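Colleague: Sequence and predicted structure, then a few things I'm wondering about:
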Amino acid sequence: MIQVTDFDLRLLRIFKTVTDCGGFSAAESALNMNLSTISTHMADLEGRIAIRLCERGRRGFQLTDGGRSLYQLAEKLLDSVEDFRAGIGALQQRISGELSIGVVDNTTSDSHSRVAAAILAVKQRGADLHIKLRIMSPREIEDAVQERKLHVGIGPFRNRLPGLDYERLYTEELCLYCGQGHPLFESAPLQVQLDDLRGLDYVSRGYMRESRELGVATDFRIAATVYHMEAVVILVLSGKFLGYLPQHYAAQWVDQGRIRPLRPDLLNHRAEFSFVTRKDRELTIATQVLIDALRVGRSASTAGA
């Protein structure tokens, strides 16, 4: 029977990260290790348990049947270790261990976003707490919370998944924009007819369906699909595409005269931001402190509205 040591736990964490990243090379930055070191550690783990875990070849990185089974066992074990550390911290009335947070991209310019302040509140309570902050799409966040890879996620979630708890935080305002050089740029923002928008190239976010929700100007030609806000603004800045952007994020390029909103009186909508947690996962002290700080920010923004 194998005795699980700290070294074994380290090897299992490396194995899990490699698997989550989809391969050795992809895991280099996540692990802050070079390829040869990762390969050595994976070989050490295979030697410890006498099981071939993965194949690397023309078809890319693939787990063996034994590798898939070990991944499931490792996930349960590492979750248990983390829960144990958090439980010890609770007994000692201190915050320790790890806090994993998922957030959608480009929210820092929104005055309603309190993520940085909430992280400060947690770190002031637990200086030894290790923070993992990942930038992900809304669906990726939900999946990661469901799979216990994140303690909490923050974003605009359209379809609420069973097994997850959602709590509203704030509202983000979005407008439709075009870039300098676009045929409608000189007429923007208000001297544009809705008929002028029909058939124009439009950037769709893979996790949103803005044009279906607005009820007007639905005849865009979807000419690009992206999953991050920065990709939207790059395409809009090209002068060839229309795309929805949060007003707080677009402001810097509007001020530079590089993009303009199109009919903000009609073509605008709101994204409701929430935080999401897993229903059957007990909140750690760190998670609870973070959530409490986010709620304080929500109350402040409501009072100021």
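Modeller: Received it, and whenever you're ready, just let me know what you need. Residues are numbered from 1 along each chain as shown.
Colleague: Now do the same contact list for V81.
Modeller: With contact set as C-beta atoms under 8 Å, 6 or more residues apart in numbering, V81 has these partners: L9. (Glycine included, C-beta is placed from N, CA and C.)
Colleague: Check the spacing between it and Q146 real quick.
Modeller: In this view, V81 and Q146 are 20 Å apart by C-beta to C-beta, to the nearest Å.
Colleague: which one's the longest strand in the chain?
Modeller: Ranked by residue count and defined by DSSP state E, the top strand of the chain is strand 164-179.
Colleague: Can you list the strands that that strand pairs with?
Modeller: In the sheet, strand 164-179 lines up against strand 243-246 (antiparallel), strand 259-261 (antiparallel), strand 268-278 (antiparallel) (DSSP bridges).
Colleague: got these as a markdown table, with distance to I51 columns?
Modeller: Output for these, formatted as a markdown table (distance: least, C-beta to C-beta, whole Å):
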| stretch | distance to I51 |
| --- | --- |
| strand 243-246 | 48 |
| strand 259-261 | 55 |
| strand 268-278 | 30 |
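Colleague: how about the ones you listed in JSON lines, adding mean pLDDT?
Modeller: Shown next, in JSON lines, are these (pLDDT from 0 to 100):
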{"stretch": "strand 243-246", "mean pLDDT": "94"}
{"stretch": "strand 259-261", "mean pLDDT": "97"}
{"stretch": "strand 268-278", "mean pLDDT": "93"}
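Colleague: of all these, which lies closest to S69?
Modeller: When the strands paired with strand 164-179 are compared by C-beta to C-beta, strand 268-278 sits nearest S69, at 23.3 Å.
Colleague: distance between the longest strand of the chain and the chain's centre?
Modeller: 14 Å (C-alpha atoms, centre = their mean, to the nearest Å).
Colleague: again with stretch 80-97
Modeller: Using C-alpha atoms, centre = their mean, the offset of stretch 80-97 from its chain centre is 25 Å.
Colleague: Stretch 157-176 now?
Modeller: 13 Å.
Colleague: for I101, what are its contacts?
Modeller: V115, I119, I131, K132, L133, R134, L150, H151, V152, G153, I154, L290.
Colleague: again, but for F241
Modeller: Counting by C-beta under 8 Å, 6+ apart, F241 has contacts C178, G179, H182, D201, Y202, V203, A223, A224, L235.
Colleague: how does it look with 10 Å?
Modeller: Shown in contact with F241 (C-beta atoms under 10 Å, 6 or more residues apart in numbering): 177-179, 182, 200-203, 220-221, 223-224, 226, 232, 234-235.
Colleague: quick one: pLDDT of it?
Modeller: Per-residue pLDDT puts F241 at 96.
Colleague: How about it: what's its closest non-neighbour residue?
Modeller: L235 (4.3 Å; C-beta to C-beta, 6 or more residues apart in numbering).
Colleague: and which of the contacts of F241 is nearest Q247?
Modeller: Among the contacts of F241, Y177 lies closest to Q247 (C-beta to C-beta), at 9.6 Å.
Colleague: partner residues bridging the closest one?
Modeller: G243, P261.
Colleague: give the contact list for it.
Modeller: Residues near Y177 by C-beta under 10 Å, 6+ apart: 185, 188-189, 203, 232-233, 236-237, 241-245, 247, 250, 253-254, 258-262, 264, 267.
Colleague: pLDDT weak spots in the stretch 51-200 of the chain?
Modeller: 86, 89-90, 92-93 (pLDDT under 70).
Colleague: residue ranges of the strands in it, please?
Modeller: 54-57, 60-63, 98-103, 130-135, 152-156, 164-179 (DSSP state E, counting those that start in this stretch).
Colleague: Ok, which of those comes nearest V4?
Modeller: Here strand 98-103 is closest among the strands of the stretch 51-200 of the chain (C-beta to C-beta), at 18.6 Å.
Colleague: Now the residue nearest to F241: which helix or strand?
Modeller: L235 belongs to helix 229-237 when assigned by DSSP states H and E.
Colleague: Using CSV, write out the CA atom coordinates for that helix.
Modeller: C-alpha atoms of helix 229-237 as CSV (Å, rounded to 0.1, in the frame of the first residue of the first chain):
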residue,chain,number,x,y,z
MET,A,229,-14.0,41.4,-24.4
GLU,A,230,-10.6,42.5,-25.5
ALA,A,231,-11.1,40.5,-28.8
VAL,A,232,-14.3,42.6,-29.4
VAL,A,233,-12.5,45.9,-29.0
ILE,A,234,-9.6,44.8,-31.3
LEU,A,235,-12.1,44.0,-34.1
VAL,A,236,-14.1,47.2,-33.5
LEU,A,237,-10.9,49.2,-33.7
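Colleague: Appreciated, that's everything.
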